[in-house]
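>>> A structural model of the following input is requested.
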Amino acid sequence: MSSTNPIIKCTMAALAVLLGTACEGKPTPTRPVGQAAAPVASSNACQPISELNALDPRRPVPLQPMMAWHQKQNMQQHLGAIQQIIDGLARQDWEEIVRASARIESSPQMQQMCEHMGAGADGFTELALDFHRRADAIGEAAQARDAQAVLRATSNTLQACTSCHAAYRQDVVDAETWRARTGQTHDPAMGHGGH
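Predicted structure coming up:
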C-alpha cells in the first residue's frame, strides 16, 4: 500500500495524537520513554482533527500535551472521588465521604492549579473554582451525617462538571502557541497540573 492512502494517513494522524507527535511534525515531551516516535503525519492527515474541532462549538482551553494529560488525570481522580462519595453514602460511611470530598474541595493549591490551566480560556478558571467550592458542601453535609444534604451537594457539584464540559474542550498546542495564547512566559511543564 502506498503511504498516500487516506486510511493510512488518518491512522498515522491518530497515532501521532496518541503518541504525542504534533501534526506539524514536532515531537512532544509526552512520548513514552524508549518508544520510537511515530512517523510524521502530513498536514492532510490532520484534516479529521481539524474537522472535529470545527464541529465542536465549545471554547478551546489551550494546553500543552503534558498539561492536557495531567488535567485528564485530575478529572479522572475527581470522578473517582465522586464514586467514592456515592459508595460511602450507600453504606452511610460518613468518614469515607469526608475523606473523598476532601480530594475535590477548594484549597489554595486547587486555586493555583485552576488558574494555571485556565490561563488561555476566559471563564474557565471561574467554572473550575466553582466546582471545588460546591464540593466543600459535600464534606460539611457528611460531617452533619445528613444524607439528603450529601446528595444535594453532590448533585450540585456534578452540575458544575457538566456545565464546564459543555462549555470547554481541551486544545492541545505546542509551547510557542501556548505562550502566545496565554501570555505566559514560563515553561508550563514546570508548573502545576489541575483540571
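>>> tally of neighbours for the nearest residue to Ala142 once chain neighbours are set aside?
In space, and not counting its chain neighbours, Ala142 is closest to Ile97: 3.7 Å by CB to CB, 6 or more residues apart in numbering. No exception for glycine: its C-beta is placed from N, CA and C like everyone else's. Ile97 has 28 neighbours, counted by other CB atoms under 10 Å.
>>> ok, Ile97 touching Ala90?
No. Contact between Ile97 and Ala90 fails when scored by CB atoms under 8 Å: they sit 10.2 Å apart.
>>> which helices and strands does the helix or strand hosting Trp69 pack with?
Counting by DSSP states H and E, the element that carries Trp69 is helix 65-90. Under the contact definition 3 or more CB pairs under 8 Å, 6 or more residues apart in numbering; DSSP states H and E, helix 65-90 sits against helix 94-102, helix 108-117, helix 124-143, helix 147-167, strand 168-172.
>>> for Ile82, find the nearest of the ones you listed.
helix 147-167 (6.7 Å; CB to CB).
>>> does anything pack onto that closest one? Which helices or strands?
helix 65-90, helix 124-143.
>>> any idea which of those helices is most buried?
Among these, ranked by average contacts under mean count of other CB atoms under 10 Å, first place goes to helix 124-143 (a mean of 20).
>>> and that helix, what does it pack against?
Against helix 124-143 (3+ CB pairs under 8 Å, 6+ apart) you get helix 65-90, helix 94-102, helix 108-117, helix 147-167.
>>> what about stretch 142-160, average pLDDT?
Averaging pLDDT along stretch 142-160 yields 98.
>>> please identify the buried residues of that stretch?
Residues of stretch 142-160 classed as buried by neighbour count (16 or more other CB atoms under 10 Å): Ala142, Val150, Ala153, Thr154, Thr157, Ala160.
>>> from these, pick the one nearest Asp130.
Using CB to CB, the shortest approach to Asp130 within the buried residues of stretch 142-160 belongs to Ala160, at 5.4 Å.
>>> residues contacting the closest one?
Each residue near Ala160 by CB atoms under 8 Å, 6 or more residues apart in numbering is listed here: Leu127, Asp130, Phe131, Arg134.
>>> please report how far it lies from Thr125.
Look at Ala160 and Thr125: by CB to CB, to the nearest Å, they are 13 Å apart.
>>> ditto for Ala54
Taking CB to CB, one finds Ala54 at 26 Å from Thr125.
>>> ditto for Thr185
Counting by CB to CB, the gap from Thr185 to Thr125 is 18 Å.
>>> ok, Gln112 next?
Distance, Gln112 to Thr125, using CB to CB: 10 Å.
>>> care to break this structure down by domain?
1-47, 62-170 (automatic domain parsing).
>>> redo the helices and strands packed on helix 147-167 as a markdown table? Include distance to Ala180.
A markdown table is the format used below for those (distance: least, CB to CB, whole Å):
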| stretch | distance to Ala180 |
| --- | --- |
| helix 65-90 | 15 |
| helix 124-143 | 17 |
